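# Could you look at this predicted model? Sequence included:
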Amino acid sequence: MTDIRNGNGEEFGNTQYFKVEPEKESAAKKVLAVVYEALTTKGYDPVNQIVGYIMSGDPTYITNYMGARSLIMKVERDELVEEILRSYIRGNHWDQG
């Protein structure tokens, strides 16, 4: 079997594992719920605003209303993505557990 390498000689032949701690998942879910409510209440499109924040890291995409901006900044952006993806997968019945 041939190892797959990138231009820098780094090997891509092995799958890496990424495990999320359950506590962080719960925190991310709660934060997203508050942020969603705050954005909706203030008349913003929550999907566009949350995506803007996740992609850029710029907290001004999130309103200060209900403390949403300070809340979302307490959660790592990758944790937000994980929670959103987990919810999407469950919603589409792709998960086996």
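That came through, no problem. Numbers count the residues shown, from 1 in each chain.
# Excluding chain neighbours, what is closest to Arg77?
Across the structure, with Cβ to Cβ, 6 or more residues apart in numbering as the measure, the residue nearest Arg77 apart from its sequence neighbours is Ile54 (5.1 Å). (Each C-beta comes from the backbone N, C-alpha and C, glycine too.)
# Buried residues in the strand or helix carrying that neighbour, which are they?
Per DSSP states H and E: Ile54 is located in helix 46-56. Of the residues in helix 46-56, those with enough neighbours to count as buried (16 or more other Cβ atoms under 10 Å) are Pro46, Gln49, Ile50, Tyr53.
# quick one: contacts of that helix?
With Cβ atoms under 8 Å, 6 or more residues apart in numbering as the contact definition, helix 46-56 has outside contacts at 32, 35-36, 39-40, 58-59, 61-63, 72, 77, 80-81.
# and which of the residues you listed is nearest Gly13?
Using Cβ to Cβ, Val81 is the member of the contacts of helix 46-56 that sits closest to Gly13, with 25.6 Å.
# Need the buried residues of helix 46-56 in CSV (columns: pLDDT and distance to Arg86).
Formatted as CSV, the buried residues of helix 46-56 follow (pLDDT from 0 to 100; distance: Cβ to Cβ, whole Å):
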residue, pLDDT, distance to Arg86
Pro46, 98, 18
Gln49, 98, 20
Ile50, 98, 15
Tyr53, 98, 18
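# quick one: the host helix or strand of Ala28 to helix 46-56, angle?
Take DSSP H and E as the rule and Ala28 turns out to sit in helix 22-41. With axes from the mean of the first three to the mean of the last three Cα atoms, to 10 degrees applied, the angle from helix 22-41 to helix 46-56 works out at 130 degrees.
# From the chain's centre, how far out is helix 22-41? Work that out for me.
10 Å (Cα atoms, centre = their mean, to the nearest Å).
# Okay, buried residues for it please.
Residues of helix 22-41 classed as buried: Ala27, Ala28, Lys29, Val31, Leu32, Val35, Tyr36, Ala38, Leu39 (neighbour count, 16+ other Cβ under 10 Å).
# so the third one sits right up against Leu80, yeah?
Read that as Lys29. No: distance between Lys29 and Leu80: 9.5 Å, which falls outside the contact criterion (Cβ atoms under 8 Å).
# Thanks again, I'm all set now.
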